[in-house]
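In: take a look and give me a structure for this.
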Amino acid sequence: MEAFRADVLFMSTTAVTRGRCSHTSPETVRVKRAMMAAATRPVLLADHTKFTHDGLYALAPLSDFDLLVVDDGLAQQGVGAIRRGGTDVRVVPR
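Out: Numbering: from 1, shown residues only. Got it, this is the predicted structure:
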């Protein structure tokens, strides 16, 4: 992955808990961290249900993403908290 460069990375995650993305596999975390390091603009794609799960292995804080694209099922206070943390949020209809 270190040899690659990307303008934009669109990435998913297993869970978002307390402002951090996580996964259930350490191998996935290593690969996704390398992908994030290779990208100029990391974008997280997550539906609102990801905010009700927890993962075993921490990947990155939401503030490491330039943009979060989430459906309108995420509560407005959650959207506001993410924005206050420095990540742009685009809410899309379900």
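In: any regions of the protein where pLDDT drops low?
Out: Across the chain, nothing is flagged by pLDDT under 70.
In: which residues in it form helices?
Out: Applying DSSP state H to the chain gives helices spanning 26-38, 76-84.
In: quick one, what contacts the residue lying closest to residue 43 once chain neighbours are set aside?
Out: Leaving aside its sequence neighbours, residue 43 sits nearest to residue 67 (C-beta to C-beta, 6 or more residues apart in numbering; 4.6 Å). All C-beta atoms are positioned from the backbone trio N, CA, C, and that covers glycine. Residues in contact with residue 67 (C-beta atoms under 8 Å, 6 or more residues apart in numbering) are 41, 43, 44, 87, 88, 89, 90.
In: among the residues you listed, which ones are buried?
Out: 43, 44, 87, 89 (16 or more other C-beta atoms under 10 Å).
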